[in-house]
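# Requesting a structural model of the entry that follows:
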Amino acid sequence: MSLQRHLRTAQSLPPRLINFFEKYPPPSLLHFSAPVPPAAEHASPIAPADAVVEPVNAESTAQERIRGDFSVPRDVPAEAQAGLPYPNPFLPRKNHTTGRWYGPMFGLRQQADLVKLAQKHDVLDLLPWTIKKPGAKEERRIERGLQVKGTGEGQKVKGKLWERTLKGRLEMRKKAMMEMPALIQEWKQKGHGRGWKKYPSGKKGKLN
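Numbers count the residues shown, from 1 in each chain. All right, here's what the predicted structure looks like:
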């Protein structure tokens, strides 16, 4: 995309997107930023006329905007920070100098609104990575897999109490059903209940 096309696209964008791109310029547009010539009124009075002044570009300005050594969470894809000269404003970040975590500059609702605006004006690719981009949540789920405790290799789901004891109770019922014919025969031989112990084998519990 040429510089003229970028300028035409920028003129048609809403102010909210323009303000966002001014603060966080896309990496693909940084090389279009022309060096800013030094202003005459800001020139040092003691500097010689032929002094060489280093040009200022947008990339160095963006790098100097946020101080400190930052990193993003490990559970986000690699492209979330790839190519950005500044921390992704849509992700939390940790400052290794202070050891503190900082929240994203834009909340999830603000991210969703920016993605909708960018998609409407066909500049979605210029936004940094965010979970609100179309297909990002599905790709993350495929990459991370099923995040349910107990479903991994060698793990076991705890379950409810009745679920944990169901196997033992089913085995007890199966054993009782297997012994039922012998129990009925014994019942008949003893006169259909006459002289039948209420609690056989010293265990309490009615026989139904």
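# In the protein, where is pLDDT below threshold?
Counting by pLDDT under 70, the chain contains low-confidence ranges at 1-10, 30-72, 75, 143-146, 151-152, 195-208.
# quick one: the helices in it?
Remark: helices assigned in the chain by DSSP state H are 3-11, 15-23, 27-30, 58-65, 108-120, 136-144, 161-164, 166-178, 180-189.
# Looking at the ones you listed, spot the one closest to residue 78.
helix 136-144 (10.3 Å; Cβ to Cβ). (Glycine included, C-beta is placed from N, CA and C.)
# Report the angle between that closest one and helix 108-120.
Counting by axes from the mean of the first three to the mean of the last three Cα atoms, to 10 degrees, helix 136-144 points 110 degrees away from the direction of helix 108-120.
# ok, now how distant is residue 135 from residue 119?
Here the criterion is Cβ to Cβ, to the nearest Å. By it, residue 135 lies 12 Å from residue 119.
# So if I had to pick from these two, which one is more boxed in?
Between residue 135 and residue 119, residue 119 has the larger neighbour count (other Cβ atoms under 10 Å), namely 13 against 7.
# what's near enough to touch residue 89?
Counting by Cβ atoms under 8 Å, 6 or more residues apart in numbering, residue 89 touches 23, 24, 104, 105, 106, 128.
# what do you get for residue 106?
Contact analysis of residue 106 by Cβ under 8 Å, 6+ apart lists 89, 90, 114.
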